[in-house]
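Visitor: Predicted coordinates and the sequence they were generated for:
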Amino acid sequence: MLMLIFFIGLLLILFIVGVPVAASIGLTCLAVLWAENDLLNIPITLLPLKMMHGVNNFPLMAVPFFILAANMMNKGSVTQASLAPHRLSDPLFHRVLPWSSTVGSVM
């Protein structure tokens, strides 16, 4: 319980001082490991393995590539070409069925 209070207290102090979130979490974890005398017992090869395991995550890698694909589609005017039939048919169907634009955007 004492280490939890130490962890949260140090984390809040670092937040108040203005240390970035990632650095304050890392420094707080190192401080707790040092306070428990377990810092020197951790194998040195564990840190790069855990870092690569954290980065090797499909959703984490998919988001930047999805944004890149969207930007490439915008530059190549693929988005305008794919939305052109919908833009032509929307005013016609909107007079008959007012909710057709919602259905058309889903299709």
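Guide: On my side now, so go ahead.
Visitor: The helix or strand residue 31 falls within: what's the following helix or strand?
Guide: Assessed by DSSP states H and E, residue 31 sits inside helix 21-35. Per DSSP H and E, the first helix or strand lying C-terminal to helix 21-35 is helix 46-55.
Visitor: what is the mean pLDDT for that following helix?
Guide: Over the span of helix 46-55, the pLDDT mean works out to 76.
Visitor: Which elements pack onto it?
Guide: For helix 46-55, there is no helix or strand it packs on, judged by 3 or more CB pairs under 8 Å, 6 or more residues apart in numbering; DSSP states H and E. No exception for glycine: its C-beta is placed from N, CA and C like everyone else's.
Visitor: now residue 79, nearest residue through space, not along the chain?
Guide: Nearest non-adjacent residue to residue 79, counting by CB to CB, 6 or more residues apart in numbering: residue 73, 5.1 Å away.
Visitor: my guess is the one you found meets residue 80, correct?
Guide: No: Residue 73 is beyond contact range of residue 80, at 9.4 Å (criterion: CB atoms under 8 Å).
Visitor: Settle it for me: which of these two has more neighbours?
Guide: residue 73 (14 against 11; other CB atoms under 10 Å).
Visitor: Let me know the pLDDT of the more buried one.
Guide: Looking at residue 73, the pLDDT reads 85.
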